[in-house]
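J.: Generate a structure from the sequence data that follows.
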Amino acid sequence: MSKGNLWTETELYVLKTNYSTNSRQELINLLPCRTWNAMEVKAYKLGLRRPLFKIFPLTYGNQGKRKLLLTKVELQQFYHGEGLSTLEIAKQHGVSGKTIINYMKTADISIRTYSEASRLRPLKGYKPYFSEEAKRQLAKARIGKTNPALSERNRRDNNLRPSPFTDPEVKRKALLKLMQRPTKPEQQLIDLSKAENLPYKYVGNGLVIIGGRCPDFININGEKRVIEIFGEYWHNPRINKNVRKQAEASTTKAHYQEYGFACLIIWDYELQNIEATLQRISKWED
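T.: Presented below is the predicted three-dimensional model:
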C-alpha cells in the first residue's frame, strides 16, 4: 500500500482507538504504511486530541496543574493559521500565556516578533497602538528637542564618573593593545611558515608598504606575492555591515593587483585546518 492512498476503515479505526494513548513509535508500528506527519494531519481533521506532554515529555508548573491537550498541528493551526495570539489560545484552553509559549518552544514552533504581532492587530479588529497621523505628530514634536532633566542628569553623571580614557596612561595601554602585532591568526601562519619552510616573511608590523597598504606576509624568493590574514568581523560585510569597502577581500586583491602583486586572502577560521591551508597556498603558487 502506498503512502498516498486513501485511508481504509481499518486504518481509521486503529488511529481513532490508539492515537490518544499510544506512543509515536507504537503508532508507526501499528500503521507502517503511514508517516507520522500523515497521522497528525488526519487526526486533526478527525478532531482527535493527543496530549502534547506525551509527545514532548516536559511538564510546566506545579504538580496537578491542568495540562494543555493540543497537538503540534493544532497549535500551529491556531497560532499561524488563524492568527491567534498566545494569550487568546491560553484563554480558550484555561492555561497561562507562558504555558503556551513553553509548549511552542518545546514543539519548535516559531513565535511572532513584536512588529509581526502589531501588523495583525488591525486584521483582527483591534485598533493600532498609534494611528499614522499620531506617529507623524509625535515625530514632528520631538525634532530638535531633548529632555532637559535627562540632559542635566547625564552631564552630572559624566562629571561624577569621568571616562577612564581621560587618563593618558590608560589611553596609551589601550592603543598599544589595539595595535599589538602579530595577531593570533598571524602568529599561527608565522609558525606554519617556519615549520614548513614556506617562502613568506611576516611584514604586517609596517616593514613593507605597497601603495599605502601594509600586507601581512610577502614572498622572499623574488616573486610578487603577498598574503593577507582576514578576520570575518573586520573584513566580511555579511557578518558586519559596517565593514568599509576598502577592507573587503575583492578590494584588497584589486589594490595589490594594480602594483603587480598577486594576493591570497586567508580567513582566520581556515587556519583551524592546517593541511587545507597548506594545500591552498601550494595551489595558489602553482
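
J.: List the residues that contact the residue nearest to K253 when sequence neighbours are not counted.
T.: Nearest non-adjacent residue to K253, counting by Cβ to Cβ, 6 or more residues apart in numbering: C263, 4.7 Å away. All C-beta atoms are positioned from the backbone trio N, CA, C, and that covers glycine. Going by Cβ atoms under 8 Å, 6 or more residues apart in numbering, C263 touches 215, 225-228, 252-253, 256-257.

J.: G97 now?
T.: By Cβ under 8 Å, 6+ apart, the neighbours of G97 are 86-87, 90.

J.: Mind putting those residues into TSV with pLDDT?
T.: As requested, the contacts of G97 are arranged in TSV below (pLDDT from 0 to 100):
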residue	pLDDT
T86	87
L87	86
A90	85
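
J.: most neighbours, which of the residues you listed?
T.: Compared across the contacts of G97, T86 has the highest neighbour count, 21 neighbours, by other Cβ atoms under 10 Å.

J.: and of the contacts of C263, the nearest to Q137?
T.: Q137 lies nearest to T252 out of the contacts of C263, by Cβ to Cβ, at 48.6 Å.

J.: Restricted to helices, list the contacts of C263.
T.: 252-253, 256-257 (DSSP state H).

J.: And those, which of them are buried?
T.: 252-253, 256 (16 or more other Cβ atoms under 10 Å).

J.: on that earlier part again, turn the ones in helices among the contacts of C263 into CSV, columns for distance to Q76 and pLDDT.
T.: Below are the ones in helices among the contacts of C263 laid out as CSV (distance: Cβ to Cβ, whole Å; pLDDT from 0 to 100):
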residue, distance to Q76, pLDDT
T252, 47, 91
K253, 48, 92
Y256, 53, 93
Q257, 53, 92
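
J.: Among these, which one lies nearest to Y200?
T.: Y256 (14.3 Å).

J.: any idea how far the residue nearest the centre of the chain lies from N273?
T.: Among the residues of the chain, the one closest to the centroid is I239, at 10.4 Å (Cα atoms, centre = their mean). Distance from I239 to N273, counting by Cβ to Cβ, to the nearest Å: 19 Å.

J.: All the strands of the chain, in order from the start?
T.: For the chain, the strands defined by DSSP state E occupy 200-202, 217-219, 225-230, 262-267.

J.: Which one, of those strands, ends up nearest to T71?
T.: strand 262-267 (45.1 Å).

J.: Quick check: mean pLDDT of the closest one?
T.: Mean pLDDT, computed over strand 262-267, is 93.

J.: Could you list the low-pLDDT ranges of this structure?
T.: Applying pLDDT under 70 to the chain flags the ranges 1-4, 50-69, 121-130, 144-166, 175-179.

J.: change it to 90
T.: For the chain, the stretches with pLDDT under 90 are 1-6, 16-29, 32-185, 203-209, 211-214, 222, 231-250, 268-274, 283, 285-286.

J.: Could you list the buried residues of stretch 222-235?
T.: Within stretch 222-235, judged by 16+ other Cβ under 10 Å, the buried ones are 225-230, 235.
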